[in-house]
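Visitor: Predicted coordinates and the sequence they were generated for:
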Amino acid sequence: MDNATTINTKPKRLSLTLTPSLATTCSIVLDLSQGLRRKKLLDLLGDMQKYGRTGEAVDVGHAAFRACINFLSNTFVSEDFVESVENGEYKDIVSTLLKLTGATNVVDIFPFLKVFDPQGLQRHTIHYLNKFFHNLDKLIEKRLKLREEGHYVTNNDMLDALLDISHQDSQRMDRKKIKHFLLVSLFVTTYQLCMSNQDLLVAGTDTTAYGLERAMTEDLLVAGTDTTAYGLERAMTEVLHNPEVMSKAKQELEQNIGRGNPIDESDVAKLPYLQAIVKESLRLHPPAPLLLPRKAKVDVEISGYRIPKNARVLINEWAIGRNPNVWDNANSFLPERLLGSKIDVKGRDFQLTPFGSGRRICPGSPLAMRMIHVMLGSLLNSFDWKLQSMDKDQPLLAIPLPIIINN
Ligand code: HEM
């Protein structure tokens, strides 16, 4: 411990940024697939209109979750996954895999038993992973067949992008890599339908570790659908409970987009107040409150605390976001504090890192931010909302009332 590395925690901003070309490439790829997400946004607004007509309250979190699955599954493979997740075999595969990865495994305590696999966890996991891969194979086959037809028009989804890379360099992107890529991407979109938050915590804290399964569980913990849906639901809850914020947001939307119109991903840049709402909500309600666990590679000293090699380190993002030494009125929802501020959620400002920071920063954050802004902005701009209950800690139930447009 005497040779512990000392880390200077003074700088608040990392100077490291994405190279423009990588950031630009990312943004172009997302731009190409935005039409797929737009269709899903219109479906979401159509569903809300039905509720509005009957005066029935919507469980906003659930609606957001279904929308996020379809946003993501369309971005990846141009298919709606809600139906197959809620009724079909896919749900069975995903839920079984999640239970298996979350189960307590005696092998973690007695590693010498690994070869015997006493609870059959490894056997079962491999069986279900194979089932999942089989389904992906069918999906890829179907797409390849379509692509062989002379008049195929690209879907601009992730599967097409991966097949294009594979076409140019089949070693760099072979079928196996494509399937693993889609496994993580698709799997993360569905886990919440199959497990309660309680189960997810168990999955995260237990130590069922078999290479791939471990990696998947860690990805699953914070990735994909639930995080984005939770981010949206909390932001909606805050806005609905703060009429002044609601009115400013609606005013900004009306001036820039026109009352009643859904917003496009390209509109977000024109909506600084909406952006401030989203950041402020992520500060108070980070969907991954402890980020992902880290492990110290060497003995290290940070701010006078000694962290021994191999110690597991958790970062309490929730507490950082509410630290009164960093934020005035830390527990209040005040989007104005971030309006015009340079503080962003890209991992460079350590007082606000809901997507983490550094090498393992959330790779889905650009997509997640697009989805949250577009859904939140469109829901606020298309309806007037009536709260069903004043309890902020309960799931958000609210009635979307049709708005009156004066020409
Ligand atoms: C509001 C939405 C989201 C939030 C708040 C969020 C947050 C996070 C956080 C905190 C991490 C760990 C980073 C770290 O510890 O430094 C993470 C990792 C990850 N996220 Fe997200 N995420 C969101 C949406 C998404 C989406 C939409 C996807 C996929 C499309 C995604 C895919 C992943 C993956 C694959 C990892 C693991 C990365 C790695 O271990 O290298 N996330 N996310």
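Guide: That came through, no problem. Residues are numbered from 1 along each chain as shown.
Visitor: Pull the number of nearby residues for the residue nearest to Gly55 when sequence neighbours are not counted.
Guide: Excluding the flanking residues, the one nearest Gly55 by C-beta to C-beta, 6 or more residues apart in numbering is Ile399, at 6.0 Å. No exception for glycine: its C-beta is placed from N, CA and C like everyone else's. Neighbour count of Ile399, defined by other C-beta atoms under 10 Å: 18.
Visitor: Who does Ile399 form a beta bridge with?
Guide: Beta-bridge pairing for Ile399 (DSSP bridges): Lys386.
Visitor: pLDDT wise, what is it at?
Guide: Ile399 carries a pLDDT value of 96.
Visitor: Over to Asp80?
Guide: At Asp80, pLDDT is 79.
Visitor: same deal with Leu284?
Guide: Reported pLDDT for Leu284: 98.
Visitor: Use 59 as the first number from now on
Guide: Got it, the first residue is 59 from now on, which makes the last one we talked about Leu342.
Visitor: residues contacting it?
Guide: 292, 296, 379-380, 389, 391 (C-beta atoms under 8 Å, 6 or more residues apart in numbering).
Visitor: quick one: which of those residues sit in helices?
Guide: Using DSSP state H, 292, 296, 379 are the members of the contacts of Leu342 that sit in helices.
Visitor: for Pro453, what are its contacts?
Guide: Neighbour list for Pro453: 117-120, 291 [criterion: C-beta under 8 Å, 6+ apart].
Visitor: Among these, name the ones in strands.
Guide: Members of the contacts of Pro453 lying in strands (criterion: DSSP state E): Asp117.
Visitor: Turn the contacts of Pro453 into a markdown table, including distance to the ligand and neighbour count.
Guide: Shown next, in a markdown table, are the contacts of Pro453 (distance: C-beta to the nearest ligand atom, whole Å; neighbours: other C-beta atoms under 10 Å):
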| residue | distance to the ligand | neighbour count |
| --- | --- | --- |
| Asp117 | 19 | 15 |
| Val118 | 15 | 23 |
| Gly119 | 13 | 20 |
| His120 | 17 | 15 |
| Glu291 | 11 | 23 |
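Visitor: can you put the contacts of Pro453 in JSON lines and add distance to Leu103 and pLDDT?
Guide: Putting the contacts of Pro453 into JSON lines (distance: C-beta to C-beta, whole Å; pLDDT from 0 to 100) gives the following:
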{"residue": "Asp117", "distance to Leu103": "16", "pLDDT": "93"}
{"residue": "Val118", "distance to Leu103": "13", "pLDDT": "93"}
{"residue": "Gly119", "distance to Leu103": "17", "pLDDT": "88"}
{"residue": "His120", "distance to Leu103": "16", "pLDDT": "85"}
{"residue": "Glu291", "distance to Leu103": "16", "pLDDT": "95"}
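Visitor: Pretty sure Arg124 sits in a helix.
Guide: Yes - judged by DSSP: H, G, I helix; E, B strand; the rest coil, Arg124 forms part of a helix.
Visitor: how about the nearest residue to His299, chain neighbours excluded?
Guide: Distances taken as C-beta to C-beta, 6+ apart place Lys450 nearest to His299, at 5.7 Å, with adjacent residues excluded.
Visitor: ugh, wrong one, Ile321
Guide: Gly435 (4.2 Å).
Visitor: same thing with Gly398?
Guide: Spatial nearest neighbour of Gly398, chain neighbours left out: Pro330 (7.3 Å); criterion: C-beta to C-beta, 6+ apart.
Visitor: Now do Thr212 against His225, distance only.
Guide: Counting by C-beta to C-beta, to the nearest Å, the gap from Thr212 to His225 is 12 Å.
Visitor: scratch that, Pro347 is what I was asking about
Guide: Applying C-beta to C-beta, the value for Pro347 to His225 is 42 Å.
Visitor: between those two, who's got more neighbours?
Guide: Counted by other C-beta under 10 Å, Pro347 and His225 do not tie: Pro347 has more neighbours, with 16 against 10.
Visitor: Correct me if wrong: that one contacts Arg380.
Guide: No - look at Pro347 against Arg380 with C-beta atoms under 8 Å: they stay out of range, at 10.5 Å.
Visitor: Strands along the stretch 209-358 of the chain, start to end?
Guide: Per DSSP state E, counting those that start in this stretch, the stretch 209-358 of the chain carries strands over the ranges 352-353, 358-360.
Visitor: Ok, the stretch 59-208 of the chain next?
Guide: According to DSSP E, counting those that start in this stretch, the stretch 59-208 of the chain carries its strands in the segments 63-65, 116-117.
Visitor: can you tell me which of the ones you listed the model trusts least?
Guide: The lowest average pLDDT among the strands of the stretch 59-208 of the chain, as it happens, falls on strand 63-65, at a mean of 58.
Visitor: quick one: average confidence on the helix or strand the residue nearest to Ile321 falls within?
Guide: Using DSSP states H and E, Gly435 maps to helix 423-440. Average pLDDT, helix 423-440: 95.
Visitor: How about it and the ligand, touching?
Guide: Yes - with C-beta under 6 Å from any ligand atom as the criterion, the ligand is reached by helix 423-440 at 425-426.
Visitor: Just give me how far that helix sits from the chain centre.
Guide: Relative to its parent chain, helix 423-440 has a centroid offset of 12 Å by C-alpha atoms, centre = their mean, to the nearest Å.
Visitor: same deal with stretch 170-177?
Guide: Relative to the centre of its chain, stretch 170-177 is centred 35 Å away, using C-alpha atoms, centre = their mean.
Visitor: what does stretch 90-106 give?
Guide: 17 Å.
Visitor: I'd say Ile457 and Gln107 touch.
Guide: No - between Ile457 and Gln107 there is no contact under C-beta under 8 Å: 11.9 Å.
Visitor: Ala327: neighbouring residues, count only.
Guide: Neighbour count for Ala327, taken as other C-beta under 10 Å: 10.
Visitor: What are the neighbouring residues in contact with it?
Guide: Counting by C-beta under 8 Å, 6+ apart, Ala327 has no contacts.
Visitor: Just the CA coordinates for stretch 190-199, please, in CSV.
Guide: In CSV, the C-alpha atoms belonging to stretch 190-199 read as follows (Å, rounded to 0.1, in the frame of the first residue of the first chain):
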residue,chain,number,x,y,z
PHE,A,190,-31.5,-17.3,-28.9
PHE,A,191,-28.7,-17.5,-31.4
HIS,A,192,-30.9,-19.9,-33.5
ASN,A,193,-33.6,-17.1,-33.7
LEU,A,194,-31.0,-14.6,-34.6
ASP,A,195,-29.8,-16.9,-37.4
LYS,A,196,-33.3,-17.0,-38.8
LEU,A,197,-33.5,-13.2,-38.7
ILE,A,198,-30.1,-12.8,-40.4
GLU,A,199,-31.0,-15.5,-43.1
